[in-house]
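Undergrad: I'll drop the sequence and a predicted model, then ask my questions.
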Amino acid sequence: MKPYLFFMSWVFTIICWLVILTSCGKKLENSHIQLNQADSLKQESEEIIYYVWVDNLRVRKKPGKDGEVIRELKNMEKLIYLNEKSDFTEEVILRGQLYNEPWLKVKLPEGKIGWVYGGGVTTNKQAAIESDEWLIRPGIGVGRIRIGETIRDVQVAYGKEQVKKQRLFIPEGETREGFVVFPKQSNQLECFIDNSGKIELIRITGKLSSWHTVEGIRIGTTLDELVELNGKPIHFSGFGWDYDGAIISYNQGKLDKLKQGLDLTLAYPDEGFPNYEKYLGDQIITSNIKDLKGVGIIVNTIMVFSKP
């Protein structure tokens with residue numbers, strides 16, 4: 001009897017261990033499945049961001065070139081992909097290159113939902129920045145023009161008809177050798193050359209220019225906007241003389257890096273502003289003076305030069 005009981009006890013023990021081990025295995029397996037499901041849900045919840053790399057890309061109510069236009073996008077606008085694309089592709093020429101891409105459903109910065117052509121956006125932010133036709137790159141160049149290039153290089157980039165050789169004015173009534181790109185147009189550029197014929201400085205003026213920095217600084221950007229971008233007061237020279245409105249210091253603010261390749265000059269409105277006479281002449285002015293807030297002082301000249 002005893003051997004029989006011992007045998008049955010031994011069998012019962014083995015069965016119990018098998019049940020426990022099997023149960024643990026299932027728990028481990030289920031835990032693994034749950035982790036995989038959690039990872040999958042996490043991936044689905046992560047937003048995919050697209051950046052516009054061409055100007056005037058149209059957002060439409062439905063996919064396709066015939067869809068009603070909601071609005072046009074500017075280069076570098078950020079869009080949230082809604083994980084839905086058209087079941088067809090279309091051929092579209094963007095900047096001289098043929099694309100055959102589907103349409104993507106996206107959310108715009110202001111919250112509207114629409115469809116954009118897939119060839120006009122990219123998830124690569126740096127690629128979108130580099131593709132900007134109107135981008136000012138401090139210390140490097142403007143658009144397709146680079147510091148150190150020649151007039152021939154620029155003619156190849158923009159066409160001979162868009163480039164005109166002429167002497168350019170500088171302070172104190174003097175002139176320098178150079179040439180103009182897009183002459184008498186809103187996006188006109190002035191390129192100053194050295195004795196070897198290479199570009200050493202590019203100057204942007206005018207009121208409706210499309211040229212801009214990564215930060216969004218352009219002709220017409222206000223002093224108040226610059227201070228907000230900088231995060232600290234800005235010092236600049238007094239108005240009404242040859243070197244008027246030149247920014248002297250960003251006080252180690254966020255825009256301090258611009259001084260290594262870019263200079264900005266400010267101007268006040270033609271009609272003036274209250275007490276503007278106090279800010280004329282050879283003096284240093286700080287932006288945190290009450291008289292200067294909201295009076296329409298703007299960037300009126302941008303100059304790009306090689307890094308020291």
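TA: All right, it came through fine. Numbering: from 1, shown residues only.
Undergrad: show the subsequent helix or strand relative to the longest strand seen in the chain.
TA: Longest strand in the chain by number of residues (criterion: DSSP state E): strand 78-94. Sequence order places strand 97-107 as the next helix or strand after strand 78-94, per DSSP states H and E.
Undergrad: if we go by neighbour counts, what in that following strand is buried?
TA: Across strand 97-107, burial judged by 16 or more other C-beta atoms under 10 Å covers 101-106. Glycine gets a C-beta too; all of them are placed from N, C-alpha and C.
Undergrad: export the residues you listed as TSV, with columns for pLDDT and distance to residue 249.
TA: Shown next, in TSV, are the buried residues of strand 97-107 (pLDDT from 0 to 100; distance: C-beta to C-beta, whole Å):
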residue	pLDDT	distance to residue 249
101	96	47
102	96	50
103	97	48
104	97	44
105	97	47
106	97	41
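Undergrad: is it possible to get a markdown table of those residues that adds distance to residue 265?
TA: Listed next are these as a markdown table, based on distance: C-beta to C-beta, whole Å:
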| residue | distance to residue 265 |
| --- | --- |
| 101 | 43 |
| 102 | 46 |
| 103 | 44 |
| 104 | 41 |
| 105 | 44 |
| 106 | 39 |
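Undergrad: of all those residues, which comes closest to residue 150?
TA: residue 101 (37.1 Å; C-beta to C-beta).
Undergrad: can you name the next helix or strand after the least confident helix or strand in the chain by mean pLDDT?
TA: The weakest-scoring helix or strand in the chain, judged by mean pLDDT, DSSP states H and E, is helix 2-45 (a mean of 42). Helices and strands here follow DSSP H and E; after helix 2-45, the next one along the chain is strand 48-52.
Undergrad: check which element follows that next one along the chain.
TA: With DSSP H and E, the next secondary element past strand 48-52 is strand 57-60.
Undergrad: show me what counts as buried in that following strand.
TA: Neighbour count says strand 57-60 has 57-60 buried, by 16+ other C-beta under 10 Å.
Undergrad: ditto for stretch 261-272
TA: Buried-residue list, stretch 261-272, by 16+ other C-beta under 10 Å: 261-268.
Undergrad: perfect, I'm done here.
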